[in-house]
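S.K.: turn this into a model:
(chains A and B)
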There are 2 protein chains.
Amino acid sequence: MAIRDTLDVVGGKWKLVLISVLTGQGAKKFNELSRDAEISPRMLSKELQELETNNLVRRTVCNTKPVTVEYSLTDYCRTLQELIEVMHNWGINHRKKMISEK
Amino acid sequence: MAIRDTLDVVGGKWKLVLISVLTGQGAKKFNELSRDAEISPRMLSKELQELETNNLVRRTVCNTKPVTVEYSLTDYCRTLQELIEVMHNWGINHRKKMISEK
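M.R.: As a prediction, this is how the structure comes out:
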């Protein structure tokens, strides 16, 4: 089932949130990602590892002192933009509906 | 974050799979859903309960002997159709890419 293939790659609580945080942002450092996505460093490490394995996130070691590591979206990850937008829009409309029903 | 609102409602391993199985199918009995989505009865009960709470699935008790219970998508759930299609299409393309890279 094709939906299951998608969920295998970007399912779970964090992956689409991380991709959304990185969308249109260029690269972000580990701590920036942890802060902006409100995710623990331990969980972030695991999720970034899986996103890298699936060629959705690129890890870049910058030749700074001290060395810094940045994360950015790969070109392949851009194929998820439509999914991110549709989920974003549904979430906005769902929240409006919930508020209007209170 | 709007994506998080969406994931709160349809995130996890099963909800979008169940909605996809019910899409264009009218109503299905519990055992049919368990078989078609390849989900355990225990997990299916939990997921259906949450989908009902969020007004995405309707539970109908049929006046048959013995009594039968059917599940179908609510009108509100149809607002998720675009998301289902985009996820379905991405999964198909992702699988093609994986196969072509082997």
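S.K.: please make it C-alpha for all contacts and neighbour counts, starting now.
M.R.: Fine.
S.K.: ok, longest helix in chain A?
M.R.: helix A:81-100 (DSSP state H).
S.K.: just the buried residues of that one, please?
M.R.: For helix A:81-100, the neighbour count (16 or more other C-alpha atoms under 10 Å in any protein chain shown) marks A:83, A:84, A:86, A:87, A:88, A:89, A:90, A:91, A:94 as buried.
S.K.: now do stretch A:26-41
M.R.: Neighbour-count burial for stretch A:26-41, counted by 16+ other C-alpha under 10 Å, picks out A:27, A:28, A:30, A:33, A:34, A:37, A:39.
S.K.: please apply the same query to stretch A:41-48.
M.R.: In terms of neighbour count (16+ other C-alpha under 10 Å), stretch A:41-48 has its buried residues at A:44, A:47, A:48.
S.K.: looking at those residues, which are in helices?
M.R.: Per DSSP H, helices hold the following members of these: A:44, A:47, A:48.
S.K.: pick the one among those residues closest to residue A:1.
M.R.: The shortest distance between residue A:1 and any of those, using C-alpha to C-alpha, involves residue A:47 and amounts to 23.3 Å.
S.K.: show me the shaky parts of chain A.
M.R.: Scanning chain A for pLDDT under 70 picks out no residues.
S.K.: how about the residues of it by chain B?
M.R.: Contact residues (C-alpha under 8 Å from any C-alpha of the partner chain) of chain A with chain B: A:2-7, A:11-13, A:16-17, A:20, A:79-80, A:82-84, A:86-92, A:94-95.
S.K.: returning to what we had before: show me which of the ones in helices among the buried residues of stretch A:41-48 is closest to chain B.
M.R.: Proximity of those to chain B (C-alpha to the nearest C-alpha) peaks at residue A:47, which lies at 15.0 Å.
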